[in-house]
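S.K.: Fold the following and give me the result.
(chains A, B, C and D)
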Number of protein chains: 2
Amino acid sequence: MDSDVLDRTFAALADPTRRAILARLAQGEATVTELAAPFAISQPAISKHLKVLERAGLVVRGRDAQRRPSRLDVAPIRLAVDWLEEFRSASEERFQRLDAVLADLRAERDGKSDDH
Amino acid sequence: MDSDVLDRTFAALADPTRRAILARLAQGEATVTELAAPFAISQPAISKHLKVLERAGLVVRGRDAQRRPSRLDVAPIRLAVDWLEEFRSASEERFQRLDAVLADLRAERDGKSDDH
DNA sequence: CGGGTTTATTACCTTGCGGTTTTATACCGG
DNA sequence: CCGGTATAAAACCGCAAGGTAATAAACCCG
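M.R.: Numbering: from 1, shown residues only, chains lettered A, B, ... in the order given. Here you go, the predicted model:
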């Protein structure tokens, strides 16, 4: 299912620490300790967050000796935005149809005949 | 904090049942039983999902006798899209800077022929 | 009033999340 | 080889999510 990707992506985004990590990674690669520095939580907690981001495909990890630098992959973000945009346009389309109906009613009331 | 809104919005979107409910509501108001019909889960489960969507501000509920029709509010969606777009543009901006650096390096190499 | 319909509430279960501390692993440099 | 550094893994905790079944509450209609 493609739905699982959205599940994991939205779930990954639903945490402020993880969003901050992503924002930091938007500036470029970073190691775990670099990522952990701004936060008041422990290093294993950050590693867990990274694993969540990795499972969502938002983060890819490399290897540089002891370090495991993380870098971004925005592909899942694109999928999420696509879903949101399609959803929003679907709901707006509905309002356009509603507007059309209201316009028809107005036209009929004002005596103008057959237009649809 | 404005972050809580994002937390709740992304968390609400991280469930396929809730995304389906939202897609259904994009077509117009619906009652709980109407929303529950397509799913194999019980009515209280749907009511719980609706409460999650309501807490995220994505759904507003009315009253029509026994019925509690749900309708959409896309405002939190807009916030989520805003965050995603800003994030994506931030990461892309970084790649532009990287491109600029690489171009500089190339220019220097081609110009001064002063390699090491 | 009383029965039917719609929805919410309650109590409960299981699973997973976000955090901790502690311990193990892997690697570098002197 | 040894000490320091960076990261992962394990075991545990509290708590909330997502589900169930059963019951209550609110409302219409005959």
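S.K.: Next to chain B, which bits of chain A? Give me the list.
M.R.: Counting by C-beta under 8 Å from any C-beta of the partner chain, the residues of chain A close to chain B are A:3, A:6-8, A:10-11, A:13-16, A:19, A:22-23, A:25-28, A:72, A:74, A:77-78, A:80-81, A:83-85, A:87-88, A:90-91, A:94. Just so you know, the C-beta spots here come from the backbone N, C-alpha and C atoms, and that holds for glycine as well.
S.K.: 6 Å instead, please
M.R.: Selection of chain A residues close to chain B by C-beta under 6 Å from any C-beta of the partner chain yields A:3, A:7, A:10-11, A:13-14, A:16, A:26, A:72, A:74, A:77, A:81, A:84, A:88, A:90-91.
S.K.: Helices of chain A, start to end?
M.R.: Along chain A, the segments classed as helices by DSSP state H run A:3-13, A:16-25, A:32-36, A:43-55, A:75-109.
S.K.: if we look at the first one, which residues are touching it?
M.R.: Outside helix A:3-13, the residues within contact range by C-beta atoms under 6 Å, 6 or more residues apart in numbering or on different chains are A:18, A:52-53, A:55-56, A:58, A:76, A:80, A:83, B:10, B:13-14, B:16.
S.K.: how about these in TSV, adding distance to A:Gln66, pLDDT and neighbour count?
M.R.: Listed next are the contacts of helix A:3-13 as TSV, based on distance: C-beta to C-beta, whole Å; pLDDT from 0 to 100; neighbours: other C-beta atoms under 10 Å in any protein chain shown:
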residue	distance to A:Gln66	pLDDT	neighbour count
A:Arg18	24	98	21
A:Val52	22	98	17
A:Leu53	20	98	26
A:Arg55	23	97	13
A:Ala56	25	97	23
A:Leu58	23	98	25
A:Pro76	28	97	20
A:Ala80	33	97	24
A:Trp83	38	97	20
B:Phe10	33	98	24
B:Leu13	37	98	28
B:Ala14	33	98	18
B:Pro16	39	97	13
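S.K.: Intersect those with the contacts of DNA strand C.
M.R.: A:Val52 (C-beta under 7 Å from any atom of the strand).
S.K.: The lowest-mean-pLDDT helix or strand in chain A vs helix A:43-55, what angle?
M.R.: Every helix and strand in chain A was compared by mean pLDDT, DSSP states H and E; the lowest is helix A:75-109, with a mean of 87. Calculated by axes from the mean of the first three to the mean of the last three C-alpha atoms, to 10 degrees, helix A:75-109 forms an angle of 60 degrees with helix A:43-55.
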